[in-house]
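S.K.: Got a sequence here, can you model it:
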Amino acid sequence: MTDNRFSATSALAGLKDFQRNTVDYVFERLFGDAPTSRFLVADEVGLGKTLIARGVIARTLEHLQDSHARVDIIYICSSAAIAAQNTQRLNISGSGSFSIATRLTYLPKQVKALRNNNVNFISLTSGTTFDHTISREGHAEERAILYRILYDLPLGQGERRAQLRNGLLNLLQARMGKVRWRALAKGLKADALDDGLCKAFRRDVLDDGDLYAQLKQCCERFMRYRDRIHPDDARLRIDLIGKLRQKLASVCLRALKPDLVILDEFQRFRHLLDSDDDTAVLATALFAQPDVRVLLLSATPYKMFTLDSETDEDDHYPDFLRTLTFLLRDPARVENVKNLLSAHRAALHSGAPKGQKAALEEALLQVMCRTERVLNTRDHNSMLVEVARMAPLHPADLRHMAAVDAVAACVEAGDLVEYWKSAPRLLNFLKRYELRNKLDPLLNAPPQALRAALMAADDQWLTPQQLNDYQELEPGNPRMRRLFEDTLDKGLWQLLWMPPSLPYYRSGGVWEGKSELTKTLVFSCWNAVPDAIAAIGSYEAERRMTENSPVTHSELYQKVKPLLRFARSGADERLTGMAVMAWMMPSPALAAAVDPLALACADESSLPDVDSMLEKARTLCATLISKLPPGVEQGKPDPRWYWAAPALLDAESGLVTWCKAPHGWRSLSSADDEDETHFTAHLEQLAAAAEGQITLGPQPDDLALVLALLALAGPGTCALRALKRQCPQTPFDNEALLSGAAKIAAGFRTLFNMPETIAMLRGASEETYWRLTLKYSLDGNLQSMLDEYVHSLSEAPGLQEFTGEDKANSIATQINAVLSLRTSRIQLDALEASGDAFRRIEFSTRCRFALRFGEIRDDHNSALVRAEGVRDAFNSPFRPFVLASTSIGQEGLDFHTWCHAVMHWNLPANPVDLEQREGRVHRYKGHAVRKNVAHCYGLASLKGFKDGDPWQRLFLLAAQDKPQAQSDLVPFWIFENGPARVERRIPLLPYSREVGKLKRLKQGLALYRLAFGQPRQEDLLSSLSRHDRPFDEEIAGQLISLSPPRGARKA
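M.R.: Numbers count the residues shown, from 1 in each chain. This next block holds a predicted model:
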């Protein structure tokens, strides 16, 4: 690596000070004097461990470039989705030399390229790379590689060899279709694979007598093609393919010469570190390669095995000691740490002096470090507040339980109390639960007792008729009732986006008094719960939105048609959507002249109200109008002015050129949208107006007011301003900015054309719909919300490297996708009496207000919305406002952008999961942090601010004001000068076992953190309560700190 020397400077420049300090310390421990070959970064959830890994990669490349002709870096995580996400974050080369393999067995196709690169990044997933006992057939591409390599194996001579090769082809087909498989297998050419690696694999197969014999046996059994395979042959084939994949992976591993191996969230596959089974053989070989450095990343690097308060505390930590054994590779040093840990905990509980604290810290810091929020918060509670409210039972809840229990007793389905406590309307969401499995076979001829129980439970089902009639539903569950109180009952159903953290004026209309709201992330242990939350929560939101509309649930999408359309009308085919063009049009003139942020900063009052903001804008627009050529004086006011005036104001800008260019606005129209067929005609008329080709009549009296609404709340113009703030040197009429803004405006058109939106906004009003949407958007501080959202997106992983036009396009594309997210459907089922029998009926309801995290189908049950799309929507200010899940936890997913409330529908079994759940919303510039920064500094700090991103300015001020001794955790992760906190919401049922379980979880979490870090004060108090110890500065001083020491060698 002698040409084009690599410098780590740019990769390190974006790190916060504590991240840079960690990078330097880790590098020093791995490559400095008396280095260790293995190191753990155990930073708290959400503090950017991936960015730290990126920095370590950069310093490693810079360090090794003179001594290594090639540097190989291997990144291992638990899933392909995480690999795809983080590979781009970790790519510091700025080129395509980073390779995504995901499986070792793909390397034969890539080794040639790897050998020619100075730097290789190989991304692998733990299960598919090391464990070939799961899904032993593997992917078709793996089997095609096996076929091509083994084709040249000397299985026989002459005709016999041809027959065995055909058997090889048939057995490796597995369950793939014959035509597709043969095209894939025969289409892979030998010269596409690395010759040396192929020879090594064939040699290993020949040297393994048992495997070679099994391969020949299988080829003989599969020489004749069969559509149906005998189960014994199928098992033989699967077993062989698994062994061949394992062997190929082993050979491929030898072709790699890793310098740095990164194990991300390694606790999800920690058995690979020290297990002696077959799945760990490859991993052990990888870690044992000469001169390899292993970097482990995990906020929760060990599993706590017991929460029994009577158990000796040493029993809590065997997994921690296993992790230490892997890191230290020295039993004597592990035993020393174990003794120091016991002495430290004993001193803490007894109130003795600090004891072995310093020695324990020194020993652990040799192989690990950890940065935590606790040390940076005034009350040692990590800016987290617990809201443990009781969820009282209602009589309807008990009736539901009695009905469910009676049915369950008849089919001997066991105790359903925990299901009932968790799942609203449980009988509608049984799916594959035991109760349904036992109930369904009896429905055609139910015993008398079961029939009576089902008839008695008739009013406990949600029925298609109830939903279709938009009947008001009882939540049906104490926890669901609490969720309603926190969301719908606070008016969240009236909002199409979250209130901005920094409003430029006091919000009006339905938005008034809702600034404290946030999204809610819900966790449950039961699979039925997310579906129930999504279905019932979204149905109730839609029911409230359509209260003033006469349509039924099934009619809503049939009868309520889009109103923001580009259509023709009458015999003269008059274009009826020209006002919508002005609504969508990104106007450089209005964006520059009537900026609500500038008007708010110039206002002497603390925060103007919406009416005064509108009046200021109307005055400015009247001045702009006065410079336009007047229309003819005779006749009625000409409504065409509403869309012609914005076009005329931009006659001299680049807007007209952009409108007329093939790659401009017209290129953004959607060919499959039925009314887009008239979009081009509308666009041409808008351009003609800008060029003065249309004669207009008298101006309407409210023209200045309408222009003011368009300037303050028109989606196109507001989007243009928001994008411009990210690249202040770029002119407003830049084509990339205009296209990005138009793309965002198209998304808003989709949002406001949704039937439930139309039903809510129109209600009994007769006002023109596009005006209603402008007034609604004005009341909701649309510009402020977009500025905040675009700021968050601009710092999202994957976008930070973009600048100017590329960044604007990427941001606009994501916003458009989120706004265009279609409603999904949740399937419910119910029972209906049919004579003496019962039949199951299935029906569905739309979901948008609340969603289940995961892959979903849209409202038409066709296009699949991937989990990433759902996550992006929740991480936007738009719906869904509630996201329910059973599985988010360890894999580093972010949900913090517009959410600072986690609802523990069910408490987790392990205290670590409590922290992992809350870590999803407690991250960089999270919603609570932004609220507090805005509360502390507000518009007053932006006086005189002209160009650029206001949020960058606010965080710069907050960073300048923080105490010098504090790290950059303040203000970017922690900012306590305001009322917002990350909320731990726990809806406890009175007298339930969860009351005691919560206390034990907090005790366990404190004990967990005592091994290597700082517990929250409240959790520690819970743990120490049985020792009658109050929390004070003396205890705080006894807690170990594994913050990396400052002063490591800089790059």
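
S.K.: Okay, and the spatially most central residue of the chain sits in which element?
M.R.: Note on the chain: the residue nearest the mean C-alpha position is R871, at 3.8 Å, using C-alpha atoms, centre = their mean. Taking DSSP states H and E as the definition, R871 sits inside helix 867-874.

S.K.: That helix: how far from the chain's middle?
M.R.: Centroid separation for helix 867-874 versus its chain: 6 Å, with C-alpha atoms, centre = their mean, to the nearest Å.

S.K.: Likewise for stretch 118-134?
M.R.: Relative to the centre of its chain, stretch 118-134 is centred 23 Å away, using C-alpha atoms, centre = their mean.

S.K.: and the closest residue to K616 other than its chain neighbours, how far is that from C621?
M.R.: Leaving aside its sequence neighbours, K616 sits nearest to L599 (C-beta to C-beta, 6 or more residues apart in numbering; 5.1 Å). Any C-beta I mention is one placed from the backbone N, CA and C, and that applies to glycine too. For L599, the distance to C621 (C-beta to C-beta, to the nearest Å) stands at 12 Å.

S.K.: Return the mean pLDDT over stretch 440-454, rounded to an integer.
M.R.: The average of the pLDDT scores along stretch 440-454 is 95.

S.K.: Might you list the low-confidence residue ranges for the stretch 301-450 of the chain?
M.R.: Residue ranges of the stretch 301-450 of the chain with pLDDT under 70: 304-316, 349, 351-355.

S.K.: right, and the residue nearest to the centre of the chain touches L851 too?
M.R.: No - look at R871 against L851 with C-beta atoms under 8 Å: they stay out of range, at 10.1 Å.

S.K.: The nearest residue to D43 once chain neighbours are set aside: how many residues sit nearby?
M.R.: Leaving aside its sequence neighbours, D43 sits nearest to T371 (C-beta to C-beta, 6+ apart; 4.6 Å). Using other C-beta atoms under 10 Å, T371 has 26 neighbouring residues.

S.K.: Just list the residues touching T371, thanks.
M.R.: Applying C-beta atoms under 8 Å, 6 or more residues apart in numbering, one finds that T371 lies in contact with F18, T22, D43, E44, L47, S967, L969, S1043, P1044.

S.K.: Helix, strand, or coil at the first one?
M.R.: When you say that, I think you mean F18. Recorded secondary structure, F18: helix (DSSP: H, G, I helix; E, B strand; the rest coil).

S.K.: correct me, but it touches V970?
M.R.: No - the criterion here is C-beta under 8 Å, and F18 misses it with V970 at 10.1 Å.

S.K.: quick revisit: quick one: the residue nearest to D43 and N91, what's the gap?
M.R.: If you go by C-beta to C-beta, the gap between T371 and N91 works out to 24 Å.

S.K.: just F853 next, same as before
M.R.: To N91, F853 is 27 Å away according to C-beta to C-beta.

S.K.: So which of the two has more stuff around it?
M.R.: Between F853 and N91, F853 has the larger neighbour count (other C-beta under 10 Å), namely 23 against 18.

S.K.: Tell me how far the helix or strand hosting R203 lies from the chain's centre.
M.R.: Applying DSSP H and E as the criterion places R203 in helix 195-207. On the basis of C-alpha atoms, centre = their mean, helix 195-207 is displaced by 43 Å from the centre of the chain it belongs to.

S.K.: Show me what it is packed up against.
M.R.: Under the contact definition 3 or more C-beta pairs under 8 Å, 6 or more residues apart in numbering; DSSP states H and E, helix 195-207 sits against helix 140-150, helix 209-221, helix 231-255.

S.K.: same question for the longest one, mean pLDDT?
M.R.: Translated: helix 231-255. Mean pLDDT, computed over helix 231-255, is 90.

S.K.: Could you give me the buried positions within it?
M.R.: By neighbour count on 16 or more other C-beta atoms under 10 Å, the buried set for helix 231-255 is 236-238, 240-253, 255.

S.K.: Neighbouring strands - and their directions - for the next helix or strand after it?
M.R.: Sequence-wise, the next helix or strand downstream of helix 231-255 (DSSP H and E) is strand 258-264. Strand 258-264 pairs in its sheet with strand 71-77 (parallel), strand 293-297 (parallel), by DSSP bridges.

S.K.: So for L599 and C621, which sits in the more crowded spot?
M.R.: Neighbour tally, L599 and C621, criterion other C-beta under 10 Å: the higher count belongs to C621, 26 against 18.

S.K.: Contacts only, for that one.
M.R.: Applying C-beta under 8 Å, 6+ apart to C621 gives the contacts L590, V594, A704, L705, L707, A708, A711.

S.K.: now, the most widely separated pair of those?
M.R.: L590 and L705 (13.4 Å; C-beta to C-beta).

S.K.: Looking at those two, which one has more neighbours?
M.R.: L590 (31 against 17).

S.K.: so the more buried one makes contact with V706?
M.R.: No - judged on C-beta under 8 Å, L590 makes no contact with V706 at a distance of 11.3 Å.

S.K.: how would you label the residue nearest to D43: helix, strand or coil?
M.R.: At T371 the chain is in coil, as set by three-state DSSP.

S.K.: The stretch 801-950 of the chain: helices as residue ranges?
M.R.: For the stretch 801-950 of the chain, the helices defined by DSSP state H, counting those that start in this stretch cover 804-819, 867-874, 911-919, 927-937, 950-961.

S.K.: Which of these has the lowest mean pLDDT?
M.R.: Looking at those, the weakest mean confidence is helix 911-919, a mean of 85.

S.K.: S1043 is in contact with L375, isn't it?
M.R.: Yes - if you go by C-beta under 8 Å, S1043 and L375 touch, sitting 7.2 Å apart.

S.K.: For H678, report the pLDDT, please.
M.R.: H678 is assigned a predicted lDDT (pLDDT) of 89.

S.K.: Identify the residues contacting it.
M.R.: Counting by C-beta under 8 Å, 6+ apart, H678 touches F566, A567, R568, L575, G577.

S.K.: Okay, and the nearest residue to the fourth one once chain neighbours are set aside sits in which element?
M.R.: Among residues not flanking L575 along the chain, H682 sits closest, at 5.4 Å (C-beta to C-beta, 6+ apart). With elements taken from DSSP H and E, the one containing H682 is helix 679-690.

S.K.: ok, now V522?
M.R.: Secondary structure assigned from DSSP H and E places V522 in strand 519-523.

S.K.: for that strand, packing partners?
M.R.: helix 478-486, helix 528-545, strand 882-885, strand 899-904.

S.K.: That one: partners in the sheet, and parallel or antiparallel?
M.R.: Strands that pair with strand 519-523, judged by DSSP bridges, come out as strand 882-885 (parallel), strand 899-904 (parallel).

S.K.: Check the ones you listed for me and report the most buried one.
M.R.: Each of these was scored by mean neighbour count; the highest is strand 882-885, a mean of 26, by mean count of other C-beta atoms under 10 Å.

S.K.: which residues are in contact with it?
M.R.: 483, 487, 519-524, 529-530, 533-534, 537, 849-854, 870, 874, 895, 899, 905.

S.K.: How about the contacts made by P700?
M.R.: With contact set as C-beta under 8 Å, 6+ apart, P700 has these partners: P637, D638, P639, W641, Y642, V706.
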